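Colleague: following is a predicted model, sequence given first.
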Amino acid sequence: MAIMAELQENLTNMAIFETAASLNELNDSSIRKPYRLKRIFDAVFSLFMIILLSPLYLLIACVIKLTSLNEPVIFKQRRIGYKGKEFICYKFRTMVPDAEKHLEIILEKKPKLKEQFNKEFKLKKDSRIIPLIGDFLRKTSLDELPQFFNVLKGDMSVVGPRPVVMKEITKYGEHIISLISVMPGITGLWQVSGRNNISYEQRVLLDDFYAKNNSFLMDLKIIFKTIFVMVNKSGAY
């Protein structure tokens, strides 16, 4: 089984790299200027937000640290980015230590939860989440604030498709080409269109639509809608 899983992962990686290679061969002179403007906006906006919210960063970090002194404040995970390149995505840690081991035990004991996780890559009621602070950060999306540093590094954009993990690639099918043709974002079209209340398939289609139709005006609308969604907390878990 391990060999088959490794083979499948290698084939998936190969498909990503082939798609990335084809993207590199494209003449992108027509999109170079809009991309540069987007990149300048991303860098300025992210730096502004980091400075503005620095007291909040510190407060959240202190509270998380108090829940488990020996555990890191920042959760790091490999995600798929622009042109299929993997990068380390940052989030405030919202789960208990050894969350992956807890997940394996939970899914082994509860087939219905396993079915939900395999379909959505999330659990609506996740017992691994740190009580109070973890749940609050998830519902307000404040756990994603460290991703502004990802934007400064050039791994992400403020607005774009959700950065996915390698295991999710197969769920995107032919839409993977659109997904990796643009920078992944902290927020995006699906986050302001129902968040987790919509199906995974709908999320894929929304990411695909954004990749093919994005504009600076669309990005601004999504940013303003994100503020409302964060306050409203609808569809978050």
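Modeller: Cool, got the structure. Please read all numbers here as calculations on a predicted model, not as lab measurements.
Colleague: helix, strand, or coil at the closest residue to residue 92 other than its chain neighbours?
Modeller: Leaving out its chain neighbours, the residue that sits closest to residue 92 by Cβ to Cβ, 6 or more residues apart in numbering is residue 143, at 4.4 Å. C-beta: built from backbone N, CA, C; applies to glycine. Look at residue 143: counting by DSSP: H, G, I helix; E, B strand; the rest coil, its state is helix.
Colleague: so residue 212, which state does it fall into?
Modeller: Secondary structure, three-state DSSP: residue 212 is helix.
Colleague: now do the same contact list for it.
Modeller: Contacts for residue 212 (Cβ atoms under 8 Å, 6 or more residues apart in numbering) come out as residue 178.
Colleague: distance of it relative to residue 154?
Modeller: According to Cβ to Cβ, to the nearest Å, residue 212 stands 22 Å off from residue 154.
Colleague: got the domain ranges for this structure?
Modeller: Domain ranges of the chain: 15-22+35-93+130-232, 95-128, per automatic domain parsing.
Colleague: any chance of these in a markdown table, plus mean pLDDT?
Modeller: Below are those laid out as a markdown table (pLDDT from 0 to 100):
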| stretch | mean pLDDT |
| --- | --- |
| domain 15-22+35-93+130-232 | 89 |
| domain 95-128 | 67 |
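Colleague: what's the most buried one of these?
Modeller: Of all the domains of the chain, domain 15-22+35-93+130-232 carries the top mean neighbour count, a mean of 17, counting by mean count of other Cβ atoms under 10 Å.
Colleague: from the chain's centroid, how far away is it?
Modeller: Domain 15-22+35-93+130-232 sits 4 Å away from the centroid of its parent chain (Cα atoms, centre = their mean, to the nearest Å).
Colleague: next, give phi and psi for residue 199.
Modeller: Dihedral pair for residue 199: phi -70, psi 160, per degrees, to the nearest 10.
Colleague: ok, it to residue 169 distance?
Modeller: From residue 199 to residue 169 the distance is 18 Å (Cβ to Cβ).
Colleague: cool, residue 218 as well?
Modeller: 25 Å.
Colleague: can you check residue 133 too?
Modeller: Between residue 133 and residue 169 the distance is 32 Å, computed by Cβ to Cβ.
Colleague: next: residue 189.
Modeller: 19 Å.
Colleague: before we move on, what about residue 59?
Modeller: 36 Å.
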